[in-house]
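> Fold the following.
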Amino acid sequence: MNDRQRDFLDSLLDTPSPSGFETRCQRRWIDHIEAFADEITTDAYGNAVATYRGSEEGSEVAFAGHADEIGLIVRDIDEEGFLRLGSIGGADRSVSQGQRVRVHPSGGSTDSDDPVPGVIGRTAIHLREREDDSLTDIDEQYVDIGAADREEAEGLVEVGDPITFTSETEELAGTRLVARGMDNRIGIWAAAEALAIAAEREVGATVHAVSTIQEEVGLKGARMVGFDLAPDAIVAIDVTHATDHPDSGSKKAGTIALGEGPVIARGSTNHPALVDLAREAAAEEGLDVQLQASGSYTGTDADAFYTARGAIPALSIGLPNRYMHTPVEVIDSEDLTAVAELLGSVAALAGDRESFDVEL
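Numbers count the residues shown, from 1 in each chain. Model prediction:
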């Protein structure tokens, strides 16, 4: 990963973007991608599509990630000035207490918004009874912003303000990176980089890079974009569970490892012609890939795209990710650059395809 690519990734990871509050992240993505896009469009909810125009005879393919991340939201402010919580997406109650957070007034929609720091309280171990060690649901947890009472707290935040965990992007050993929100800034990063590769190679296909909103609360943005865009084929890029660490749950997710390359899903949503195309592209680029079984659904935007408007051939490509939906998600940066290279090769090969339909 070169310096430009790393700076772009860091800028996305550093920008809070809970579902429903993606404006700033989408703006940063657009600012970066407009340098090599022929056209950029957005819709009423903030989905963004950047397009490279290939030949008129070429097929039309889309590469999509989602800009939103899981988070929390201010549900209420009590008399003592503590903030009562709700979840945005699949927030994990087992990792939230004792964490530093930031509350984003006005949804963090402008760069001038100053986040309000706070902590999610946890009674000290010395003061808890043994039976109090059970997990506390998110709606029973609270944020302490230091306010003396409700009046002071309401001068700083409002009901409905989103909350994100306070964490920094850091390098671990080798090429491993840790950050909050890898899920799914890596997807919109890879979509943008793939568009840059397609433009540089002047591929015959028309290529759309897509950054959707509100995936974590039900694949909402993908339904909107899939209907409006209706490409010949679409690839959703998201994280998938790496199971190469202790107590990883590999019996549920299969064997997926960091550093072993992108993950191509097979089954259900994943169109067999696109699976074959992605494997052919990987072989042509000399890229290692991993396979993942997807018997019922992928759990990604691909599930919404492929039925958004009739039948749209779709595929889910995953990036191995440890500790998903925690503030310490870990990836391998070499896997991520390989995803972009794989997509660039898919774009090149797609230009020669007249149809992605199955043969019956």
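
> Tell me the helix or strand right after the helix or strand where Glu151 lies.
Glu151 belongs to helix 150-154 when assigned by DSSP states H and E. As assigned by DSSP H and E, the chain's next helix or strand after helix 150-154 is strand 162-165.

> what's that following strand packed up against?
strand 71-77, strand 83-88, strand 100-103 (3 or more CB pairs under 8 Å, 6 or more residues apart in numbering; DSSP states H and E). (C-beta placed from N, C-alpha, C; glycine too.)

> switch the cut-off to 6 Å
For strand 162-165, the packing partners by 3 or more CB pairs under 6 Å, 6 or more residues apart in numbering; DSSP states H and E come out as strand 71-77, strand 100-103.

> Buried residues, stretch 196-211. List them.
196-199, 203-211 (16 or more other CB atoms under 10 Å).

> ends of that stretch, how far apart?
15 Å (CA to CA, to the nearest Å).

> Please state the offset of it from the chain centre?
Chain-centre distance of stretch 196-211: 20 Å, with CA atoms, centre = their mean, to the nearest Å.

> Can you name the residues in contact with it?
29, 36, 48-55, 58-64, 67, 188, 191-192, 195, 225, 344, 347-348, 350-351 (CB atoms under 6 Å, 6 or more residues apart in numbering).

> Please work out the average pLDDT along it.
The pLDDT scores in stretch 196-211 average 97.

> returning to that earlier point: list the buried residues for the helix holding Glu151?
Buried residues in helix 150-154 (16+ other CB under 10 Å): Ala153.

> Contacts made by it with the rest, please.
77, 79, 81, 147.

> Can you show me the CA trace of that helix as PDB?
Taking C-alpha atoms only, helix 150-154 is exported to PDB below (Å, rounded to 0.1, in the frame of the first residue of the first chain):
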ATOM      1  CA  ARG A 150     -29.600  17.300  32.700                       C
ATOM      2  CA  GLU A 151     -29.500  21.000  32.000                       C
ATOM      3  CA  GLU A 152     -25.700  21.000  31.600                       C
ATOM      4  CA  ALA A 153     -25.800  17.900  29.500                       C
ATOM      5  CA  GLU A 154     -28.500  19.300  27.200                       C
END
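
> Show me the protein divided up by domain.
What automatic domain parsing lists as the domains of the chain is 3-69+180-350, 71-165.

> Find the residue closest to Leu219 in space, skipping its chain neighbours.
Once flanking residues are discounted, Leu219 sits nearest to Ala304: 3.8 Å by CB to CB, 6 or more residues apart in numbering.

> correct me, but that neighbour touches Arg223?
Yes: between Ala304 and Arg223 there is a contact at 4.7 Å, judged by CB atoms under 6 Å.

> is it true that Gly89 touches Val217?
Yes: contact status for Gly89 versus Val217: in contact at 5.5 Å, counting by CB under 6 Å.

> hang on, the earlier thing: may I ask which two of the buried residues of stretch 196-211 are separated the most?
The distance between the two most remote of the buried residues of stretch 196-211 (CB to CB) is 24.0 Å, for Gly204 and Ser211.

> Now do the same for Ala62: helix, strand or coil?
Secondary structure, DSSP: H, G, I helix; E, B strand; the rest coil: Ala62 is strand.

> Tell me who's in contact with it.
208, 210, 231, 234.

> Would you quantify the distance from Phe305 to Pro231?
Going from Phe305 to Pro231 by CB to CB, to the nearest Å gives 9 Å.

> how far away is the residue nearest to Val330 when sequence neighbours are not counted from His245?
Take Val330 and drop its neighbours on the chain: the residue closest to it by CB to CB, 6+ apart is Arg322, 4.1 Å away. As for Arg322, its distance to His245 is 6 Å (criterion: CB to CB).

> burial of the nearest residue to Ala148 once chain neighbours are set aside, as a residue count?
In this structure, Ala148 finds its nearest non-sequential neighbour in Gly81, 5.9 Å apart by CB to CB, 6+ apart. By other CB atoms under 10 Å, 21 other residues sit near Gly81.

> quick one, what contacts Gly81?
147-150, 152-153.

> so how far is stretch 115-134 from its chain's centroid?
Computed by CA atoms, centre = their mean, the separation of stretch 115-134 from the middle of its chain amounts to 30 Å.

> just the helices in the stretch 201-350 of the chain please.
220-229, 250-253, 272-285, 302-305, 333-350 (DSSP state H, counting those that start in this stretch).

> Serialize these to CSV and add fields for distance to Ser134 and mean neighbour count.
Shown next, in CSV, are these (distance: least, CB to CB, whole Å; neighbours: other CB atoms under 10 Å):
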stretch, distance to Ser134, mean neighbour count
helix 220-229, 33, 22
helix 250-253, 24, 11
helix 272-285, 43, 17
helix 302-305, 34, 26
helix 333-350, 37, 23
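
> Brilliant, that's me finished.
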